[in-house]
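Engineer: Quick one: sequence and predicted model below, then my questions.
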Amino acid sequence: MSEATPARLADRQHPLIALVNARLREFIREPAAIFWVYGFPLLMMVALGVAFRDRPVDQFTVVVQKGAGVEKLVDALQPDERFRVELYDQAESRRRLRTGKTDLVIVAQDGGSGGYDFYFDPTRPGSSLARSMANDVLQRAAGRDDVVASRIHETSEPGGRYIDFLVPGLLGMGLMGGGLWGLGFAIVDMRLRKLLKRYVATPMKRSHFLAALGISRLVFTIPEILVLLAFAHFFFGVVNHGSYLALGVLVVLGAFCFTGIGLLVGSRAETLETASGLMNLVMLPMWILSGIFFSVDRFPEAIQPIIMALPLTPVIDSMRQVMLEGVSLSALGMEIAIVAAWGAITFVLALRWFRWT
Amino acid sequence: MTLAIRSSNLVKTYRAKPPVEAVRGIDLEVEEGECFGVLGPNGAGKTTTIEILEGLLPATSGDVEILGLRWNRDAMAIREQIGISLQETRLADKVSVLETLTLFRSFYRDGIDPEAVMRSVSLEEKSRAWVKKLSGGQKQRLAVATALVGDPKLLFLDEPTTGLDPSSRRQLWDIIAGFREQGRTVLLTTHYMEEAERLCDRVAILDGGKVIALGTPPQLIAGLGAEHIVEFAIDSGVSDPPLAEHWNDLPAVTGSTYEDGSYRLSVSHPHLVIPALIDRLEGSGLRMASLTTRHASLDDVFVSLTGRQLEEPEGDHE
Ligand SMILES: Nc1ncnc2c1ncn2[C@@H]1O[C@H](COP(=O)(O)OP(=O)(O)OP(=O)(O)O)[C@@H](O)[C@H]1O
Ligand SMILES: [Mg+2]
């Protein structure tokens, strides 16, 4: 101790910088955390991007029920590559329809001269489509002429595909997961270790501690978002039709918002179980309702106000508008206001309620 | 004389069903430059008391002054001048020794160079090792180092050596003694009486949330009336060993017990009792198998005050 001389000021790091440094170190030394933050959204993108990649021709499975006169029916459908035609008896045909193995069952009455019966499930989009297409083909084969000439122009430009829709959703999901898992768990872990108590026994400013958590979150978020965007670009040709500055602003705002929510979730919990229960409670509605994977328009009108009030919805919606439609920030005032309000309110509440000891 | 710590009529009742009266009116005055020990069995209220003094736990009632300052007015000023080690803190696992100390150093306006503190607790070889790779003793020395890095005037240590092996314990004693030799103040809790005797200028013995004895270790032991313990055993094979009271009339003996083939006499002057004891044994045709004499300890003080042992029998350290 005797050789320990009182330090000059230069020996001391700014506490905020020291706290951020410590968080960043802990994060990069935790391989599992890195996987969940960076790997998971990427895997999700690959899996969904491949599963829902847009096929040039949708193929429908059509079951023709065995019986007299079905040859004509099969001959009419078979050449059309949009149909995969299979033959089964009545019981098996119905079973296949019921279990979703086929989109459509066709039964020929009196060898076809008595017309055709279509069996399908109108709630399945593919089923209805298969029926109209099969009907069309059969009518033409029977001699129908189109009354009005129609011409077809197909487009499949980047911007309108499922993957283009999905990427902003995954960005939002990453921001939410990072904020909640990344912060909530870290805080509860430190509380359990009595590390929070140890910190507040020093002259450390509590606001420095919370700010450091937020700043380090933001620092982790930037590479996470860049990796996702780069991957989407190189593997799926996803491009940003809007400005990168606007996208950047929305990402930072979203990260801030979920930092506040993560802090609030972790502000009082004293066990990891409580914390993970709370996190699931907070995240699950947004996972389902906020339009990560499909448009929120699919939910009933009555719950739309609730959906719009959830923080993830405007985060994703605004990023989607920028990336897909090139909308500028000035047109996103409402979304930005909602996200900022969530962030600010949760941050203040977290500061007030935080349990240090 | 300036007081480093002054508390009066400190009370802490935990809200629980039923309420726990952990501290029931404690008055302490710790002078600047002294090492003060708070000694007591599990649940005596040591941690509760020290955490109230550290400003980490609100007292139910009572008054605390640290270095002449009050927690409600000058919390930051107090924190700048004290260093603490909690009974149980697990520092961040994947941060190295030097990184941990650098972080703690950053919290204090004035402090000690982290590398110097690291050397003072002999952890320089572990400078780059992650906290989770340290042994129990090394972790504990690091915990004390985080308390020293702010260059405190007053050090609070809650059971700094519990669960450590004897050599790790001695290393920590040296660190604490070194700090005290700089004229600074230490308040430590322990349930090792040997630790209190070795390190502390004064001790308060706590039981059931109250101070049951206060003074320098020699004073407390002198209060027993007999400062020495003579223990001896007689040759096994004696079918009918004498009762403990058989030795009470020897000179200078104030009390005696018999346990596991061995007699324990409380004695004021061993040089008077030992020759007489040997004479008595020879006269009865008994042979002495072993003989030890030792000073009475704080443990003996605790036993005489409460009728219970201070240290738990088994190594169940929480
Ligand atoms: N948060 C709490 N809520 C309720 N009771 C508590 C709480 N903390 C401690 N106690 C009780 O208060 C009493 C004193 O506890 P304290 O931790 O101060 O003892 P201690 O002397 O430090 O013991 P040890 O040697 O085991 O550390 C105990 O009976 C304990 O069970
Ligand atoms: Mg304790």
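Structural biologist: Now that the structure is in, tell me what you want to look at. Note that this is a predicted model, so its numbers are computed, not measured. Ligands and ions are numbered 1, 2, ... in the order given.

Engineer: Quick check, central residue of chain B?
Structural biologist: B:Thr190 (3.1 Å; Cα atoms, centre = their mean).

Engineer: what bridges to that one?
Structural biologist: Beta-bridge partners for B:Thr190, by DSSP bridges, are B:Leu39.

Engineer: which strands and helices sit next to whichever strand or helix holds A:Leu166?
Structural biologist: According to DSSP states H and E, A:Leu166 maps onto helix A:162-179. On a contact count with 3 or more Cβ pairs under 8 Å, 6 or more residues apart in numbering or on different chains; DSSP states H and E, helix A:162-179 meets helix A:40-51, helix A:206-236, helix A:244-266, helix A:272-289, helix A:312-325. For glycine as for every other residue, the C-beta is placed from the backbone atoms N, C-alpha and C.

Engineer: Show me what the mean pLDDT comes to for it.
Structural biologist: Averaged over helix A:162-179, pLDDT sits at 89.

Engineer: So what's the model's average confidence on the helix or strand just after it?
Structural biologist: Per DSSP H and E, the first helix or strand lying C-terminal to helix A:162-179 is helix A:186-192. Mean per-residue pLDDT for helix A:186-192: 91.

Engineer: Now do helix A:186-192: distance to the chain's middle.
Structural biologist: Centroid separation for helix A:186-192 versus its chain: 28 Å, with Cα atoms, centre = their mean, to the nearest Å.

Engineer: The following helix or strand past that helix vs ligand 1: in contact?
Structural biologist: On the C-terminal side of helix A:186-192, the nearest following helix or strand under DSSP H and E is helix A:195-200. No. Interface with ligand 1: helix A:195-200 contributes nothing (Cβ under 6 Å from any ligand atom), its closest point being 12.2 Å away.

Engineer: Name the residues of the stretch 101-250 of chain B found near ligand 1, please.
Structural biologist: Residues of the stretch 101-250 of chain B found near ligand 1 (Cβ under 6 Å from any ligand atom) are B:His191.

Engineer: about what we covered before: can you tell me which of the helices and strands packed on helix A:162-179 is nearest to A:Glu92?
Structural biologist: Set against A:Glu92 and scored by Cβ to Cβ, the helices and strands packed on helix A:162-179 come closest in helix A:40-51, at 28.0 Å.

Engineer: quick one: that closest one to helix A:206-236, angle?
Structural biologist: With axes from the mean of the first three to the mean of the last three Cα atoms, to 10 degrees defining the directions, helix A:40-51 sits at 20 degrees from helix A:206-236.

Engineer: by contact count, what packs against helix A:40-51?
Structural biologist: Applying 3+ Cβ pairs under 8 Å, 6+ apart, one finds that helix A:40-51 contacts helix A:162-179, helix A:206-236.

Engineer: Pull the distance from the longest one to the chain's centre.
Structural biologist: Taking Cα atoms, centre = their mean, the mean C-alpha location of helix A:206-236 is offset from the chain mean by 17 Å.

Engineer: tell me the angle that helix makes with helix A:312-325.
Structural biologist: 40 degrees.

Engineer: do helix A:206-236 and chain B meet?
Structural biologist: No. Judged by Cβ under 8 Å from any Cβ of the partner chain, helix A:206-236 stays clear of chain B, getting no closer than 8.7 Å.

Engineer: Mind listing what's buried along that helix?
Structural biologist: Under the neighbour-count criterion of 16 or more other Cβ atoms under 10 Å in any protein chain shown, helix A:206-236 has A:208-217, A:220-221, A:224-225, A:227-229, A:231-232, A:236 buried.

Engineer: ok, now stretch A:242-260?
Structural biologist: For stretch A:242-260, by 16+ other Cβ under 10 Å, it's A:242, A:246-247, A:249-251, A:253-260.

Engineer: What are the contacting residues of that stretch?
Structural biologist: Stretch A:242-260 is contacted by residues A:171-172, A:175-176, A:178-180, A:183, A:213-214, A:217-218, A:221-222, A:225, A:240, A:311, A:315, A:318-319, A:321-323, A:325-329, A:332, A:336, A:339-340, A:342-347, A:350 when judged by Cβ atoms under 8 Å, 6 or more residues apart in numbering or on different chains.

Engineer: Burial check on whichever residue of the stretch 251-357 of chain A sits closest to chain B, number of neighbours?
Structural biologist: Using Cβ to the nearest Cβ, the closest approach of the stretch 251-357 of chain A to chain B is made by A:Thr357 at 5.6 Å. A:Thr357: 13 surrounding residues under other Cβ atoms under 10 Å in any protein chain shown.

Engineer: Tell me where the stretch 151-300 of chain B has strands.
Structural biologist: For the stretch 151-300 of chain B, the strands defined by DSSP state E, counting those that start in this stretch cover B:154-158, B:185-190, B:202-207, B:210-215, B:228-234, B:253-259, B:262-267, B:288-295.

Engineer: Among these, show the one with the smallest mean pLDDT.
Structural biologist: Mean pLDDT is lowest for strand B:253-259 out of the strands of the stretch 151-300 of chain B, coming in at a mean of 78.

Engineer: C-alpha coordinates for that one, CSV please?
Structural biologist: Once non-C-alpha atoms are left out, strand B:253-259 reads as follows in CSV (Å, rounded to 0.1, in the frame of the first residue of the first chain):
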residue,chain,number,x,y,z
VAL,B,253,-8.5,-22.9,39.1
THR,B,254,-11.8,-21.1,38.6
GLY,B,255,-13.7,-23.7,36.6
SER,B,256,-13.5,-27.1,34.9
THR,B,257,-15.2,-29.2,32.2
TYR,B,258,-14.6,-32.8,31.0
GLU,B,259,-15.3,-33.9,27.5
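
Engineer: for it, which positions count as buried?
Structural biologist: Buried, per 16+ other Cβ under 10 Å, within strand B:253-259: B:Val253, B:Gly255, B:Ser256.

Engineer: quick check, stretch B:22-38 touching ligand 2?
Structural biologist: No. With Cβ under 5 Å from the ion as the criterion, ligand 2 is not reached by stretch B:22-38; the gap is at least 9.6 Å.

Engineer: Report the mean per-residue pLDDT for that stretch.
Structural biologist: Rounded mean pLDDT across stretch B:22-38 is 94.

Engineer: and the end-to-end length of it?
Structural biologist: Using Cα to Cα, to the nearest Å, one end of stretch B:22-38 lies 15 Å from the other.

Engineer: right, is that stretch up against ligand 1?
Structural biologist: Yes. Applying Cβ under 6 Å from any ligand atom, one finds stretch B:22-38 touching ligand 1 at B:Ala22.

Engineer: what angle do the top helix by length along chain B and strand B:154-158 make?
Structural biologist: As assigned by DSSP state H, the longest helix anywhere in chain B is helix B:166-181. Computed by the same axes, to 10 degrees, the angle separating helix B:166-181 from strand B:154-158 equals 160 degrees.

Engineer: just checking, what packs against helix B:166-181?
Structural biologist: Short answer (3+ Cβ pairs under 8 Å, 6+ apart): helix B:166-181 packs on strand B:35-39, helix B:136-148, strand B:154-158, strand B:185-190, helix B:193-199.

Engineer: Residue in the stretch 101-250 of chain B with the shortest distance to ligand 1?
Structural biologist: Using Cβ to the nearest ligand atom, B:His191 is the residue of the stretch 101-250 of chain B that sits closest to ligand 1, at 5.7 Å.

Engineer: before we move on, the earlier item: right, and the helices and strands packed on helix A:40-51 - which one's nearest A:Ala275?
Structural biologist: Comparing these by Cβ to Cβ, helix A:162-179 comes nearest, at 13.4 Å.

Engineer: Using CSV, write out every CA atom in that closest one.
Structural biologist: Taking C-alpha atoms only, helix A:162-179 is exported to CSV below (Å, rounded to 0.1, in the frame of the first residue of the first chain):
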residue,chain,number,x,y,z
TYR,A,162,-42.2,-11.3,-49.5
ILE,A,163,-38.5,-11.0,-48.6
ASP,A,164,-38.6,-7.3,-49.1
PHE,A,165,-41.6,-7.1,-46.8
LEU,A,166,-39.9,-9.4,-44.3
VAL,A,167,-36.5,-7.6,-43.8
PRO,A,168,-37.9,-4.5,-42.1
GLY,A,169,-39.9,-6.8,-39.9
LEU,A,170,-36.8,-8.7,-38.9
LEU,A,171,-34.9,-5.5,-38.2
GLY,A,172,-37.7,-4.5,-35.8
MET,A,173,-37.7,-7.9,-34.2
GLY,A,174,-33.9,-7.7,-33.7
LEU,A,175,-34.2,-4.3,-32.1
MET,A,176,-36.9,-5.6,-29.7
GLY,A,177,-35.1,-8.8,-28.8
GLY,A,178,-31.8,-7.0,-28.3
GLY,A,179,-33.4,-4.4,-26.0
